[in-house]
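Undergrad: Sequence below, structure please.
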Amino acid sequence: MIFNKYDEDGDGRISLAELRRAIRSDAYTKDIPEHTVRRILKRADEDASGYIEYPEFLKMVCNDFMKCFTL
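TA: Okay, here's the model as predicted:
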């Protein structure tokens, strides 16, 4: 499951640190500034817990995925 790739510690949620590491991986090295990573987390974190839980992740991914079909 793709969610598990980002949830490095397996606690069922994606922290800012985990999101930052995923985005700052070799594929994205320094391409995405810190303020953008924080904005992604804030936008996806509907309950303001400081984490992206699985339902929030699904909503974020599905919403962005569906936008591709409406262009």
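
Undergrad: can you list contacts of stretch 42-54?
TA: 3, 12-16, 19, 41, 56-57, 59-60 (C-beta atoms under 8 Å, 6 or more residues apart in numbering). The C-beta positions use only the backbone N, C-alpha and C, and glycine is treated the same way.

Undergrad: swap the cut-off to 6 Å and go again
TA: With contact meaning C-beta atoms under 6 Å, 6 or more residues apart in numbering, stretch 42-54 is reached by 3, 13-15, 56, 60.

Undergrad: Scan those residues and report the most crowded one.
TA: residue 14 (26 neighbours; other C-beta atoms under 10 Å).

Undergrad: Please enumerate the strands of this structure.
TA: 13-15, 51-53 (DSSP state E).

Undergrad: would you list the ones you listed in JSON lines and tack on mean pLDDT and distance to residue 24?
TA: Below are the strands of the chain laid out as JSON lines (pLDDT from 0 to 100; distance: least, C-beta to C-beta, whole Å):
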{"stretch": "strand 13-15", "mean pLDDT": "94", "distance to residue 24": "14"}
{"stretch": "strand 51-53", "mean pLDDT": "94", "distance to residue 24": "16"}
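
Undergrad: Can I get the ones you listed in JSON lines including distance to residue 35?
TA: Shown next, in JSON lines, are the strands of the chain (distance: least, C-beta to C-beta, whole Å):
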{"stretch": "strand 13-15", "distance to residue 35": "17"}
{"stretch": "strand 51-53", "distance to residue 35": "17"}
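
Undergrad: and residue 23, which of those is closest to it?
TA: strand 13-15 (11.0 Å; C-beta to C-beta).

Undergrad: who does the closest one touch, helix- and strand-wise?
TA: strand 51-53 (3 or more C-beta pairs under 6 Å, 6 or more residues apart in numbering; DSSP states H and E).
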